[in-house]
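In: From the sequence below, what's the structure:
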Amino acid sequence: MSEPMQVVCPHCHVINRVPPGRLAEGGICGKCKRALFSGHPLELDGASFARHVAATDIPLVVDFWAPWCAPCRMMAPNFEKAAAELEPQVRMAKLNTEAEQAIAARYAIRSIPTLVMFRKGREIARQSGAMDAAALVRWVRSQV
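Out: This is a model prediction of the structure:
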């Protein structure tokens with residue numbers, strides 16, 4: 001029998017343990033009783049970014065973006081579509097680099113949008129530039 005996977009709640013940021021065979025069912029947070037997956041990208045801030053990167057066992061794709069960035073705004077609906085298609089096998093999240101400049105600097109984000117995929121606290125892939133939904137899904141699936 002496989003070990004349960006750690007999945008961080010997108011609402012209260014508590015770590016939940018989900019059996020791998022039941023991941024497709026989604027699950028409910030043990031603390032706040034809300035769905036662990038919504039099919040929408042998660043908005044991260046400094047504290048929630050650290051928690052989700054370090055504690056979740058499923059791949060986490062973070063879109064480093066800024067509100068003034070036209071390519072970022074153009075890619076946003078595609079990122080939303082990709083989240084609907086990829087969850088619960090992959091968590092999709094967004095981090096505003098204007099609001100979280102220290103995190104962007106720590107990860108050497110030099111252009112936006114930049115997608116960074118994390119798994120078990122480590123960066124495993126990176127892609128810069130806007131993508132359509134199909135290309136985004138292909139890139140994510142090629143990395144996991």
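In: List the buried residues in the host helix or strand of M74.
Out: Taking DSSP states H and E as the definition, M74 sits inside helix 70-86. Buried residues in helix 70-86, defined by neighbour count with 16 or more other CB atoms under 10 Å: 72, 75-76, 78-79, 81-83, 85-86. (Each C-beta comes from the backbone N, C-alpha and C, glycine too.)
In: Can you pick out the most distant pair from those residues?
Out: The span of the buried residues of helix 70-86, defined through CB to CB, is set by C72 and E85 at 19.9 Å.
In: Next secondary structure element downstream of the host helix or strand of L115?
Out: Here L115 sits within strand 114-119, counting by DSSP H and E. Going down the chain from strand 114-119, the next helix or strand is strand 122-128, by DSSP H and E.
In: any weak-confidence spans in the protein?
Out: Within the chain, the ranges that satisfy pLDDT under 70 run 1.
In: mind listing the strands for it?
Out: Per DSSP state E, the chain carries strands over the ranges 5-8, 15-18, 42-44, 60-65, 91-96, 114-119, 122-128.
In: Of those, which stretch is the most buried?
Out: Highest mean neighbour count of the strands of the chain: strand 60-65, a mean of 25 (counted as mean count of other CB atoms under 10 Å).
In: Tell me how far that strand lies from the chain's centre.
Out: 6 Å (CA atoms, centre = their mean, to the nearest Å).
In: Could I get the CA-only coordinates of that strand as CSV?
Out: Taking Å, rounded to 0.1, in the frame of the first residue of the first chain, the C-alpha atoms of strand 60-65 are listed here in CSV:
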residue,chain,number,x,y,z
LEU,A,60,3.2,22.7,-8.1
VAL,A,61,3.5,25.0,-11.2
VAL,A,62,3.8,28.7,-10.2
ASP,A,63,3.2,31.4,-12.7
PHE,A,64,5.4,34.4,-11.7
TRP,A,65,3.5,37.4,-13.2
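In: what residues does that strand touch?
Out: Residues from elsewhere that reach strand 60-65 (CB atoms under 8 Å, 6 or more residues apart in numbering): 41, 44, 49, 52-53, 72, 75-76, 79, 86, 90-97, 104, 107, 109, 112-119, 140.
In: same thing but 6 Å
Out: The contact list for strand 60-65 (CB atoms under 6 Å, 6 or more residues apart in numbering) reads 52, 72, 79, 91-95, 97, 104, 109, 112-118, 140.
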